[in-house]
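A.B. asks: Could you look at this predicted model? Sequence included:
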Amino acid sequence: MARTSVLTGGSNGFQTTSEDLNAVATDFVGQGVVGTVANSAGVAPMTGGLALNAQGTPNMTVAVTAGIAYVTTTPSGQGSQNLRVKIDAQNVTIQPNSTGSTRYDYVYVKVDPTLANNPDASGATVGTIFTSRSTVNTSDNGTPPSYGLLLGVVTVINGASSITNGNIADKRVAAALAAPTDGSLNPSILYDSSERIADHITSGGVITFTASTLNWSMTGGVCYIGGKRHTFASASGSVTASKDTYFDLHSNGDGTASLVNTGGNIVANGAASPALAASSVRNGKVVSSASAITSVTQAGVDSLFNPIASKLTAALAGLGGVVQTQLNGGSAGGNNNFINLGGIKILWGVSGNQYTIANGTGSVSQTVNFPSSFFSTTQYWVCQVTVPGVDGRQSSYISSTPATSGMTMVAANLSGSANVTGFLTWLVIGT
């Protein structure tokens, strides 16, 4: 038997079903919220349709903005189809939690399959806002609807008296063109972002550390994984002593990514890098000694050739370069930054120890220790006073031809009468 999707009633009283009328949406639109959706690092405040936000004066309700969503549903007696559901602005009550443990309310647009086939006169009850309470925030083990679109997850601590924006995780996805199963061409196939956009860190994700400690911090930012935009939060902590720790960002499947730097991401110093998990991007490698972080790498590839996907990766990979940072073990302190560009090696840094030269004359020496075995030869070197205590009344020079292992810098007081202070910067080029 064959028939077209939409027919007039004709003289025989043929009735077109909702399945036929919804065929265009079913064939070409994936389920999701209509329009642009956005949030604040994965949580409320949210913007766009069907956003969940705390009340101006937080209480045990959540405000839902008006919006439209496509929800995949199988109305009773019909086939699967995408129904367009319009929801009015409303408040959702979050039930008290006295279980003794944190609970999670999953908030959905729910479609009732019975009413979808036989709605009341208004049709207003076919699609509603529905909550399901779960004991975990990784999946809904409560009473999820058979046909629903997840909007958000509300964290309800034991004894909670109010819900704030930080308790509301955004789980909305925007409705988009769906790829046909037969592989025929449409915009989704012509431009598959997962094939055209390499995984990378767009902004943020900068790892820094506190000198002479194992403590680190990472800025929040934006990354692309599988061609999709993800936001990730800032983080801080400490690494395990005498280990190489790999910092990966893993997609949560909701437009956010989480930092993974524990478990199998911690290996012995110099050991092969761990495999990169699916739906992840490698952000950096932190190397530690028994008492301190000694280097951070945030560009290039690891030992298994997984891209370390900073914004610099593409540019530096073309030159064969990997920017690395290592504590300067010399008296100048600070960090050495260094890179090997196809055999041309560059090292630069700024001292971490401020010097003082008293009584208008005299000088002070500070040393820089180069990374072990980095230079075979050094051919150009310079140092410069920065942040001087007496502007324009100091000079700096390198005391003798540097070895491949380090050099000595000198700052001189030219003021004639005053005490001066400052820091030194350095630049070395070699092979």
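C.D. replies: Sure, I can see it.
A.B. asks: for the stretch 301-431 of the chain, what spans make up the strands?
C.D. replies: All strands of the stretch 301-431 of the chain, identified by DSSP state E, counting those that start in this stretch, fall at 307-308, 324-327, 335-341, 344-350, 355-357, 363-369, 378-386, 394-398, 406-413, 420-430.
A.B. asks: Out of the ones you listed, which is closest to residue 64?
C.D. replies: Ranking the strands of the stretch 301-431 of the chain by proximity to residue 64 (Cβ to Cβ) places strand 307-308 first, at 40.3 Å. For glycine as for every other residue, the C-beta is placed from the backbone atoms N, C-alpha and C.
A.B. asks: Give me the domain ranges for the chain.
C.D. replies: Split into domains by automatic domain parsing, the chain comes to 23-190, 196-318, 335-430.
A.B. asks: For the ones you listed, could you give me a markdown table that also reports mean neighbour count, mean pLDDT and distance to residue 329?
C.D. replies: Below are these laid out as a markdown table (neighbours: other Cβ atoms under 10 Å; pLDDT from 0 to 100; distance: least, Cβ to Cβ, whole Å):
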| stretch | mean neighbour count | mean pLDDT | distance to residue 329 |
| --- | --- | --- | --- |
| domain 23-190 | 17 | 88 | 38 |
| domain 196-318 | 18 | 83 | 9 |
| domain 335-430 | 17 | 84 | 4 |
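A.B. asks: Turn those into a markdown table, columns for distance to residue 326.
C.D. replies: As requested, the domains of the chain are exported to a markdown table (distance: least, Cβ to Cβ, whole Å):
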| stretch | distance to residue 326 |
| --- | --- |
| domain 23-190 | 31 |
| domain 196-318 | 4 |
| domain 335-430 | 5 |
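A.B. asks: To residue 17, which of the ones you listed lies closest?
C.D. replies: Closest of these to residue 17 is domain 23-190, at 6.3 Å (criterion: Cβ to Cβ).
A.B. asks: Run a quick check on residue 95 versus residue 142, I expect a contact.
C.D. replies: No - Residue 95 sits out of contact with residue 142 when judged by Cβ atoms under 8 Å, with a separation of 11.4 Å.
A.B. asks: shared neighbours, these two?
C.D. replies: residue 133 (Cβ atoms under 8 Å, 6 or more residues apart in numbering).
A.B. asks: Quick check: the gap between residue 39 and residue 162.
C.D. replies: From residue 39 over to residue 162 the distance is 20 Å, taken as Cβ to Cβ, to the nearest Å.
A.B. asks: export the strands of the stretch 301-431 of the chain to JSON lines and tack on distance to residue 158?
C.D. replies: Listed next are the strands of the stretch 301-431 of the chain as JSON lines, based on distance: least, Cβ to Cβ, whole Å:
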{"stretch": "strand 307-308", "distance to residue 158": "41"}
{"stretch": "strand 324-327", "distance to residue 158": "44"}
{"stretch": "strand 335-341", "distance to residue 158": "45"}
{"stretch": "strand 344-350", "distance to residue 158": "50"}
{"stretch": "strand 355-357", "distance to residue 158": "56"}
{"stretch": "strand 363-369", "distance to residue 158": "54"}
{"stretch": "strand 378-386", "distance to residue 158": "54"}
{"stretch": "strand 394-398", "distance to residue 158": "62"}
{"stretch": "strand 406-413", "distance to residue 158": "58"}
{"stretch": "strand 420-430", "distance to residue 158": "52"}
